[in-house]
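Undergrad: Sequence first, predicted coordinates after that:
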Amino acid sequence: MHDGVKNKAGSPKTAQNGVWHLNLSHGDIPPYVILPGAPERTEVIAKKWDHSEFVTQNREFKTIRGTYQEMPIATVSTGIGGPSSEICINELSKIGVHTCIRVGTTGCLQAQYDLGDLIIAVAAVRKDGTSDTYIGSEYPAYAHPIVVMALMTACDKLGYRYGLGLDYTTASFYTGQARPIHEDGTGYYPSFLNNLLSDLTQAGVTNIEMETATQFVVGKLHDMRMGAVLSVISNRVTDEWGDAGGEEKSTLVASEALRILSDWDARGEIDFHCKMPTL
Ligand code: URA
């Protein structure tokens, strides 16, 4: 590729020796990263920081770095769904990122949530497809407990309503989330979808979306700490849709939670792997 060195199919690199899709090299961004799906949401996130600068964009992967309350931080968009999330997390791990919080929107399956409320995902049902390419479906998709703790602390500090959630990640927005092809219900709609949402509601699943399980499993297998804070943009029980300030809240919570985590890390109070201290 460069200087006569061949690029390898097993680990392709950019001309600057960076990771292929994100176009980033070790040291380009700090190890605490917020992961929105949409590239344009990186701007919304960075607006809350003291200072920020655009780093690079390739396809759906846009990167901004900066400081939030003096803490070095970055945001990288993952795109929609499992495959692009897998690429993003694998490549972030290669450049030294160890802690990520997904921010995104979600459909809610429990009536007591209002539009704009936040859900901190504790675990996720693995219907994403992508995580199965890493490990069997018996393996759980769960958030790092310390990241959950930091997200709860951030929500409490900012005074936002939130619930701890059991998420359901699917590889489809329409049919896989029981949305008929046509609004009047005509067109392809398999019978196995008839009870999907009500069964999930009855099982205590809080919400449905398209990235969290992939990110939890892939991140865990790369020895990273993962979490997710999702804003309720649709309620599938009451059939309502609307942001209601949720995007703004979730982005601020994610920045604040990473600041709290870096503070805990710096003080060495909490073991990265949640191990018991040596007695
Ligand atoms: N994202 C989803 O995947 N589903 C919704 O209903 C809302 C956001």
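TA: Looks like it arrived, so ask away.

Undergrad: As a check, name the ranges of all helices in the protein.
TA: 41-46, 82-94, 145-158, 196-202, 212-221, 246-267 (DSSP state H).

Undergrad: Quick check: closest non-adjacent residue to the residue of the chain found nearest the ligand.
TA: Per C-beta to the nearest ligand atom, G107 is where the chain lies closest to the ligand, at 2.6 Å. C-beta coordinates here come from the backbone N, C-alpha and C atoms, glycine included. Of all residues not flanking G107 in the chain, S234 sits nearest, at 4.3 Å (C-beta to C-beta, 6 or more residues apart in numbering).

Undergrad: ok, now which ones touch that neighbour?
TA: 105-108, 115, 240-241 (C-beta atoms under 8 Å, 6 or more residues apart in numbering).

Undergrad: Please apply the same query to C108.
TA: C108 touches 117, 119, 206-207, 232, 234-237, counting by C-beta under 8 Å, 6+ apart.

Undergrad: Okay, and the beta partners of it?
TA: N207, N235 (DSSP bridges).

Undergrad: okay, the helices of the chain, which one's buried deepest?
TA: Counting by mean count of other C-beta atoms under 10 Å, helix 212-221 has the highest mean neighbour count of those, with a mean of 28.

Undergrad: who touches that helix?
TA: With C-beta under 8 Å, 6+ apart as the test, helix 212-221 has contacts from 35, 78, 81-82, 85-86, 89-90, 93, 100, 102, 104, 121, 123-128, 130-131, 134-135, 139, 141-144, 167, 169, 225-226, 228, 230.

Undergrad: swap in stretch 222-229?
TA: Here stretch 222-229 has contacts from 89-90, 92-93, 97-104, 118-121, 143-144, 146-148, 150-151, 155, 162, 167, 212, 215-216, 219-220, 250, 253-254, 257, 261, 272, using C-beta under 8 Å, 6+ apart.

Undergrad: hmm, back to that, will you turn the contacts of S234 into JSON lines that also has distance to K6?
TA: Output for the contacts of S234, formatted as JSON lines (distance: C-beta to C-beta, whole Å):
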{"residue": "T105", "distance to K6": "43"}
{"residue": "T106", "distance to K6": "44"}
{"residue": "G107", "distance to K6": "46"}
{"residue": "C108", "distance to K6": "50"}
{"residue": "L115", "distance to K6": "53"}
{"residue": "E240", "distance to K6": "55"}
{"residue": "W241", "distance to K6": "50"}
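
Undergrad: now those: which count as buried?
TA: With burial judged by 16 or more other C-beta atoms under 10 Å, the buried subset of the contacts of S234 is 105-108, 115.

Undergrad: of the contacts of C108, closest to Q177?
TA: Nearest to Q177, judged by C-beta to C-beta, of those is R236 at 7.8 Å.
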